[in-house]
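**Q** need coordinates for the below:
(one chain, ligands or ions: 1)
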Amino acid sequence: MGKVSSKKLYEFRRTLEELAEKKGRGTELVSVYIPPDRQISDVTKHMREELSQSANIKSKQTRKNVQSAIEVIMQRLKLFPRPPENGLVMFVGMIPRGGPGTEKMETYVFEPPEPIKTYIYHCNSEFYLEPLKEMLEEKEIYGLAVLDRKEATIALLKGKRIEILKTLTSGVPGKHKAGGQSQRRFDRLIELAAHEFLKRIGEHMNEAFLSIPDLKGIIIGGPGHTKEDFVKGDYLHHEVKKKIITTVDTSYTGEFGIREVIDKSMDVLTEIDVMREKKLVQKFLTELIDKDGLAAYGEDEVRNYLQMGAVEVLLLSEDIKAKRAKYECPSCGYKMDVTVKGDEPRPCPKCNDQMKMVDSRDLVDDLVEIAEAAGSEVEIISTETEEGIQLLKAFGGIGAILRYRP
Ligand code: ZN
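**A** Sure thing, here's the model as predicted:
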């Protein structure tokens with residue numbers, strides 16, 4: 001995971017997790033997906049139709065809630081003369097906080113990280129999140145190619161989906177027995193044709209892969225040694241070449257070959273992310289053991305170092321579940337920022353009255369913002385490795401590798 005994309009990915013994943021937890025009492029949570037090329041006026045028109053349709057809903061409570069949700073959507077749509085670049089998603093509905101009567105209207109409106117392809121209106125007891133989940137998967141794109149002297153196929157792996165971009169054939173004939181002078185001439189022609197074919201493959205791969213700046217890596221497969229000749233030779237743009245992760249032997253070319261490449265390199269792909277995370281946490285631990293080492297942990301200490309600009313890399317576990325909240329005392333007006341797990345009440349340190357939470361946000365967002373302002377790198381660490389679990393369990397999920405010891 002890169003530093004910027006891992007943060008955005010984290011935020012998006014967290015939003016999806018939050019939305020997935022919301023359950024309505026009835027089939028009354030409304031989800032709307034608006035593609036970028038859809039006219040807002042068309043959506044408003046559709047909402048008006050849904051509003052009149054909803055008059056047929058039998059349960060009085062559900063009917064009322066669906067109608068309120070649609071009205072909120074129509075209100076919100078007025079804020080958009082047109083959809084943003086990637087379109088717009090809207091999730092609106094009454095969410096119970098406890099027993100009956102505790103429902104509150106919740107509204108989530110945002111632009112997704114990838115363009116929305118299909119217009120969707122969906123009403124159920126849960127929000128409809130599938131298209132967003134797919135986007136999350138598609139964030140990880142790999143380039144694939146499988147080739148020999150006869151055929152080459154170029155493809156993308158987007159999450160779990162394969163997209164075949166191009167299949168090329170060479171027309172290079174197989175070895176041929178002619179004997180003597182003409183055999184040598186014939187062999188030279190074959191070599192030349194093979195070279196031309198590799199050049200063509202290279203051009204197509206450059207074209208396909210240079211246009212994807214986020215491409216995480218490239219894997220090249222094929223039967224025989226042509227793929228090695230291709231990788232060693234001067235066929236690829238240097239930016240494309242440096243993204244090659246590995247080559248794998250396959251029995252086939254074509255789409256079958258592409259599938260073989262994926263099967264054989266799945267472990268490699270997971271390993272790359274995992275190794276990177278392991279290395280970072282190990283570096284942190286090594287620094288920590290050294291008494292003059294450049295490491296810090298725990299929220300207060302790390303926050304302090306972040307604000308001083310002393311943090312080189314901020315390590316945050318993806319499983320930190322805490323909020324940074326602003327509390328205010330209704331009696332004396334005393335204010336303070338605290339990190340909390342839920343919305344537990346706090347006594348005022350001045351007058352001992354019950355303080356109120358007036359604002360809160362994800363602790364990770366809070367720390368990332370300070371880190372970015374100070375020019376520190378941010379790495380979100382999964383709990384898929386022993387090191388990641390250690391970061392979470394032993395250090396509260398917050399660690400830092402320092403630039404210097406203040
Ligand atoms: Zn007070």
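
**Q** any residues of the stretch 301-406 of the chain in contact with the ion? List them.
**A** Residues of the stretch 301-406 of the chain found near the ion (C-beta under 5 Å from the ion) are 329, 331-332, 334, 348, 350-351, 353. Heads up, the C-betas are built off the backbone N, CA and C, glycines and all.

**Q** possible to save these as a markdown table with pLDDT?
**A** Output for those, formatted as a markdown table (pLDDT from 0 to 100):
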| residue | pLDDT |
| --- | --- |
| Cys329 | 95 |
| Ser331 | 94 |
| Cys332 | 95 |
| Tyr334 | 95 |
| Cys348 | 94 |
| Lys350 | 94 |
| Cys351 | 95 |
| Asp353 | 93 |
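
**Q** can I get the residues you listed in JSON lines including neighbour count, distance to His237 and secondary structure?
**A** Putting these into JSON lines (neighbours: other C-beta atoms under 10 Å; distance: C-beta to C-beta, whole Å; DSSP: H, G, I helix; E, B strand; the rest coil) gives the following:
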{"residue": "Cys329", "neighbour count": "20", "distance to His237": "62", "secondary structure": "coil"}
{"residue": "Ser331", "neighbour count": "12", "distance to His237": "67", "secondary structure": "coil"}
{"residue": "Cys332", "neighbour count": "14", "distance to His237": "66", "secondary structure": "coil"}
{"residue": "Tyr334", "neighbour count": "15", "distance to His237": "61", "secondary structure": "coil"}
{"residue": "Cys348", "neighbour count": "20", "distance to His237": "63", "secondary structure": "coil"}
{"residue": "Lys350", "neighbour count": "13", "distance to His237": "65", "secondary structure": "coil"}
{"residue": "Cys351", "neighbour count": "13", "distance to His237": "68", "secondary structure": "coil"}
{"residue": "Asp353", "neighbour count": "13", "distance to His237": "66", "secondary structure": "coil"}
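
**Q** give me the below-cutoff pLDDT ranges for the protein.
**A** The chain contains residues with pLDDT under 70 at 1-7, 137-139, 160, 173-181.

**Q** domain ranges for it?
**A** The record assigns the chain these domain ranges, following automatic domain parsing: 6-136, 141-270, 295-402.

**Q** helices or strands up against the one helix or strand Gln67 maps to?
**A** Element membership for Gln67 (DSSP states H and E) is helix 60-77. Using 3 or more C-beta pairs under 8 Å, 6 or more residues apart in numbering; DSSP states H and E, the elements in contact with helix 60-77 are strand 29-34, helix 40-53, strand 88-95, strand 104-110.

**Q** which parts of the third one are buried?
**A** Within strand 88-95, the residues scored as buried using 16 or more other C-beta atoms under 10 Å are 88-95.

**Q** so which of these comes closest to Leu51?
**A** Val92 (12.8 Å; C-beta to C-beta).

**Q** show me what that closest one is bridged to.
**A** Following DSSP bridges, Val92 is listed with bridge partners Val30, Thr107.

**Q** ok, and the closest non-adjacent residue to Glu50?
**A** Ile70 (5.7 Å; C-beta to C-beta, 6 or more residues apart in numbering).

**Q** from the ion, how far out is the one you found?
**A** To the ion, Ile70 is 42 Å away according to C-beta to the ion, to the nearest Å.

**Q** tell me the secondary structure for Gly333?
**A** Under the three-state scheme (DSSP: H, G, I helix; E, B strand; the rest coil), Gly333 adopts coil.

**Q** for the residue nearest to Glu50, what are its contacts?
**A** Applying C-beta atoms under 8 Å, 6 or more residues apart in numbering to Ile70 gives the contacts 30, 47, 50-51, 54, 92.

**Q** make CSV out of those and add distance to Gly397.
**A** Formatted as CSV, those follow (distance: C-beta to C-beta, whole Å):
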residue, distance to Gly397
Val30, 35
Met47, 42
Glu50, 43
Leu51, 45
Ser54, 44
Val92, 32
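
**Q** for the residues you listed, which one is nearest Glu277?
**A** Of all the contacts of Ile70, Glu277 sits closest to Val92, with 36.9 Å by C-beta to C-beta.

**Q** verify the stated contact: the closest one with Tyr121.
**A** No. If you go by C-beta atoms under 8 Å, Val92 and Tyr121 don't touch, sitting 11.5 Å apart.

**Q** what do these two both touch?
**A** Here Val92 and Tyr121 have Val30 as joint contacts, going by C-beta under 8 Å, 6+ apart.

**Q** ok and the residue in the stretch 51-200 of the chain nearest the ion?
**A** Arg97 (26.0 Å; C-beta to the ion).

**Q** surely that residue and Glu103 touch.
**A** Yes. The pair Arg97 / Glu103 is scored as a contact, 7.5 Å apart, by C-beta under 8 Å.

**Q** looking at these two, which is more packed in?
**A** A side-by-side neighbour count of Arg97 and Glu103, using other C-beta atoms under 10 Å, places Glu103 first with 18 against 8.

**Q** in what helix or strand does Tyr10 lie?
**A** Using DSSP H and E, Tyr10 maps to helix 3-21.
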